[in-house]
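Visitor: Fold the following and give me the result.
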Amino acid sequence: MAYLNVRERRLETKIAYIGAEFSGRATNFLVLGKAASPPPVGEGGSAVDDLSLFWKPRVETSFRDCDVRVELVTSHGEPSSEEILGLVRSADGVVFVADADPSAQDRNRLSLALVREALSAQVDREVPVVVQVNKTDLPDALGEEALAVLLGLGDWTRVMACATRGEGVVETVEEALAKVLEVLRQDASAASATSGGPRQTIRPASVHALPREGNPLLTALRQVLRETVHAEIEALDERTAVRLDRLFDERADREQLQLAAAAAATKASTEALLAAVRETRAELAAQKTELVALREQVAAEGAKAQLVASTATAIKRAVEILGADVKASDPRTLLTPMKAALDAVVLQMASLTALVKPVNALAPQIEEAEGRLKKEIMGRGALMVKTLETKHEENAATLAKLDTKHTELTTLFETVIEELKKPKKSWFT
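Guide: Numbering: from 1, shown residues only. Presented below is the predicted three-dimensional model:
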């Protein structure tokens, strides 16, 4: 059905291409698609895969000071009776693509019968038909008259074409558009000449069909008002959607910033803890080095003690030998050497005491250092465990807050979507 867009002063019409499988409908669309105009925003595409394209006439065409836009539609493969009926019901004109190949005539007759059946169902309007005789380049192709007699085309307009070469393709759609505009002008003239309600072949584009009776000016005003209201509703829906998107984005950004801050704090605390661990390890290594040095010192002092013991043994042996000599000799003659020997023994005992004293003093220091080192290791280990537990609890609380906020955001988003899905009440129901 034709649509008269009052606000944009444009007549929107539709032409359906119908024919048997392999008749060349897709080839027609490929040729016409090279000069097709882009579809309006919010409407169907113009690709052949979508079986629909908007075609722009080569010559400027108008209807009662309104521009004309043509939408071409078809279907894939062999169309069924339901598909043909739907195409004819929604179209203002029909192009029947007939295959001139003699072997395709059974398919032509079947498709043409379905087209005639669909046309007979349009009791309240006239749908013009243009026949395109395609594949005329075949060596055994049927001629125009022969095909017209064979299929019973009657007085339908016929256009000879070879779609693969681009011949007759544009001429076909131009002829179909001329027939559609001719029928529309006849209907408009008939409606103006009669006093009854106008035949509603042309109707403004809207969600609801306009009534067939009433003052034409009032009908047009109602249509303009209806389109204005619908435009305002669409604009309001668009603004609402934009605002919701902005709100969702802002909240998502806030949640992301909070999560990033929590992650940064966790990272900082972890790095501080690792630094403390490294410092503790360094201190423990230093104390271990000190302990090793003490042990080496103890070992050295032990060696000195062994030297003193061996010296004492030698002194003892010398004393025994001296005693034996004293017993065997005259005490008076040996007194002076004995005194000298005893003085030497006293000096050696004094040096021995001086050597042994530091060794005895080192033992408490070693025990104290080991105890202090053990106590400090245990204390630092307990502090590290406590710090890790605290950070774990803080991270768990932060994650719980983020989960709660995410759940709230998801619930809000689902609620808004459900509200948008609800049908909106119209002012013109």
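Visitor: From now on I want contacts and neighbour counts done on CA atoms only, so please keep to that.
Guide: Will do.
Visitor: Output the one helix or strand Arg69 maps to as PDB, restricted to C-alpha atoms.
Guide: Arg69 belongs to strand 66-73 when elements are defined using DSSP states H and E. C-alpha atoms of strand 66-73 as PDB (Å, rounded to 0.1, in the frame of the first residue of the first chain):
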ATOM      1  CA  CYS A  66       5.400  15.200  -3.500                       C
ATOM      2  CA  ASP A  67       8.600  13.300  -4.100                       C
ATOM      3  CA  VAL A  68       8.300   9.600  -4.900                       C
ATOM      4  CA  ARG A  69      10.400   6.900  -3.200                       C
ATOM      5  CA  VAL A  70      10.200   3.300  -4.500                       C
ATOM      6  CA  GLU A  71      10.900   0.200  -2.400                       C
ATOM      7  CA  LEU A  72      11.500  -3.000  -4.400                       C
ATOM      8  CA  VAL A  73      10.900  -6.400  -2.600                       C
END
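Visitor: Give me the angle between whichever helix or strand comes after that strand and strand 66-73.
Guide: Scanning forward in sequence from strand 66-73 by DSSP H and E, the next helix or strand is helix 81-90. Calculated by axes from the mean of the first three to the mean of the last three CA atoms, to 10 degrees, helix 81-90 forms an angle of 180 degrees with strand 66-73.
Visitor: Check which residues of helix 81-90 are buried.
Guide: 81, 83-85, 87-89 (16 or more other CA atoms under 10 Å).
Visitor: follow-up on the earlier one: which elements pack onto the strand holding Arg69?
Guide: Strand 66-73 sits against strand 10-19, strand 52-55, with contacts defined as 3 or more CA pairs under 8 Å, 6 or more residues apart in numbering; DSSP states H and E.
Visitor: Mind putting the ones you listed into TSV with distance to Glu408?
Guide: Formatted as TSV, the helices and strands packed on strand 66-73 follow (distance: least, CA to CA, whole Å):
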stretch	distance to Glu408
strand 10-19	47
strand 52-55	44
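Visitor: In JSON lines: the ones you listed, plus mean pLDDT and distance to Ala286.
Guide: Formatted as JSON lines, these follow (pLDDT from 0 to 100; distance: least, CA to CA, whole Å):
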{"stretch": "strand 10-19", "mean pLDDT": "93", "distance to Ala286": "91"}
{"stretch": "strand 52-55", "mean pLDDT": "90", "distance to Ala286": "84"}
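Visitor: Leu114 is nearest to which of the ones you listed?
Guide: Of all those, strand 10-19 sits nearest to Leu114, with 9.8 Å by CA to CA.
Visitor: Which parts of this protein are strands?
Guide: All strands of the chain, identified by DSSP state E, fall at 2-5, 10-19, 36-37, 52-55, 62-63, 66-73, 93-99, 129-134, 157-160, 202-204.
Visitor: packing partners for the first one?
Guide: Same thing as strand 2-5. Packed against strand 2-5 by the contact rule (3+ CA pairs under 8 Å, 6+ apart) you find strand 10-19, strand 202-204.
Visitor: partners of that strand, with directions?
Guide: Note on strand 2-5: by DSSP bridges, its sheet partners are strand 10-19 (antiparallel), strand 202-204 (parallel).
Visitor: picking that back up, please enumerate residues in contact with the strand holding Arg69?
Guide: With contact meaning CA atoms under 8 Å, 6 or more residues apart in numbering, strand 66-73 is reached by 9-17, 51-56, 61-62, 87, 177.
Visitor: Let me know which of the strands paired with strand 2-5 is tucked in deepest.
Guide: Neighbour counts (mean count of other CA atoms under 10 Å) averaged over each of these peak at strand 10-19, with a mean of 25.
Visitor: Output the below-cut-off pLDDT ranges for the stretch 101-250 of the chain.
Guide: 191-220 (pLDDT under 70).
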